[in-house]
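Novice: predicted structure and sequence below. I'll ask about it afterward.
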Amino acid sequence: MHSDAQVVDSVIRSRKAVRVFRSDAVSQKDIIDILDVARTAPSNSNMQPWRVHVLRGRSKESLSEALVRAHVADLHPPLQHVPDPMPEAYRPMQEEFGARYYGALGIDKADVAGRARATGRNFVFFGAPVGLIFTIDARLKKHSWLDYGLFLQTVMIAARARGLDTCPQVSFARYQTIIAEHLLLEPGFDVVCGMSLGYADHDSVVNRLAIPRETVERFTTFVGFDEEA
């Protein structure tokens, strides 16, 4: 294998969703460098649909406080980020993740309050020193959302290449109105997700979770490879 491929593969494989961070500061230069790399991600017709809001310090804490209050009050409509009912093909993976994650936290499946408290950690960015909120023009179509996914993945890989860790968090989308007020979002822009950015606490059992992935053979169909060249 080419040495460049080994480096890139190593960075990608080392990326994971980190849910406990150290308080160590992240420099603004590192954040700018990460976003400068990520902006090269492909997008349909070069529309570059991403808008990024980077928070730290009191600005981040103020937003987190408002979101935690909203989470505890539980008055906002639930976030429908997965189908209901869940298609059977995907249910085992969702249930296994839940069992591993909440099990690592010592939270029983029947402990609704405990699970809610764990979910609330999203809104303090899992203790990370930097929080990002990503927004998109709501008029754009699903193809631009695909472009956004490419951008987000590039952000996470660029961060990991610098020794930083991340966690992409769709849970922020539930609180569009609160985030819009705090960040003075442009009218017509929707929250795509949030992201925690910082250095992982490697002593945390949650961060040591090994979440299984499907094999290539399970999700790939090769066509024409058994034909003569």
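Specialist: Received the coordinates, thanks. Numbering: from 1, shown residues only.
Novice: only C-alpha atoms from now on, for both contacts and neighbour counts.
Specialist: Will do.
Novice: is the residue positioned nearest the centre of the chain bridged to anything, and to what?
Specialist: Residue closest to the mean C-alpha point of the chain, counted by C-alpha atoms, centre = their mean, is residue 168 at 0.8 Å. Counting by DSSP bridges, residue 168 forms beta bridges with residue 195.
Novice: wouldn't it be in contact with residue 194 here?
Specialist: Yes - Residue 168 lies in contact with residue 194 (C-alpha atoms under 8 Å); the separation is 6.0 Å.
Novice: mind listing what's buried in the helix or strand of the chain with the lowest mean pLDDT?
Specialist: Every helix and strand in the chain was compared by mean pLDDT, DSSP states H and E; the lowest is helix 91-104, with a mean of 93. Of the residues in helix 91-104, those buried under the neighbour-count criterion (16 or more other C-alpha atoms under 10 Å) are 101-102.
Novice: helix or strand right after that helix?
Specialist: helix 112-120 (DSSP states H and E).
Novice: for this structure, give me the ranges with low pLDDT.
Specialist: Counting by pLDDT under 70, the chain contains low-confidence residues at 229.
Novice: could you pull out the strands for it?
Specialist: Shown for the chain, the strands assigned by DSSP state E span residues 51-56, 130-137, 165-169, 189-198.
Novice: distance to residue 20 added to these, as CSV?
Specialist: What follows is the strands of the chain, written out as CSV (distance: least, C-alpha to C-alpha, whole Å):
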stretch, distance to residue 20
strand 51-56, 16
strand 130-137, 13
strand 165-169, 10
strand 189-198, 10
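Novice: quick one: the least confident helix or strand of the chain to helix 112-120, angle?
Specialist: 90 degrees (axes from the mean of the first three to the mean of the last three C-alpha atoms, to 10 degrees).
Novice: residue 151 contacts residue 38, doesn't it?
Specialist: Yes - counting by C-alpha under 8 Å, residue 151 does reach residue 38; the two are 5.8 Å apart.
Novice: quick one, which of these two is more surrounded?
Specialist: With neighbours defined as other C-alpha atoms under 10 Å, residue 151 and residue 38 compare such that residue 151 has more, 23 against 20.
Novice: just give the nearest non-adjacent residue to the more buried one, would you?
Specialist: If the residues on either side of it in the chain are set aside, residue 151 comes closest to residue 41, at 5.3 Å by C-alpha to C-alpha, 6 or more residues apart in numbering.
Novice: mind naming the longest helix for the protein?
Specialist: If you go by DSSP state H, the chain has its longest helix at helix 142-161.
Novice: which of the residues in that one are buried?
Specialist: 144-145, 147-161.
Novice: over to stretch 106-122?
Specialist: In stretch 106-122, counting by 16+ other C-alpha under 10 Å, buried: 107, 114-115, 120, 122.
Novice: next, format those as a markdown table and append distance to residue 51.
Specialist: Supplementary listing: these in a markdown table, determined by distance: C-alpha to C-alpha, whole Å:
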| residue | distance to residue 51 |
| --- | --- |
| 107 | 36 |
| 114 | 34 |
| 115 | 31 |
| 120 | 25 |
| 122 | 20 |
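Novice: what's the closest of those residues to residue 55?
Specialist: Using C-alpha to C-alpha, the shortest approach to residue 55 within those belongs to residue 122, at 14.5 Å.
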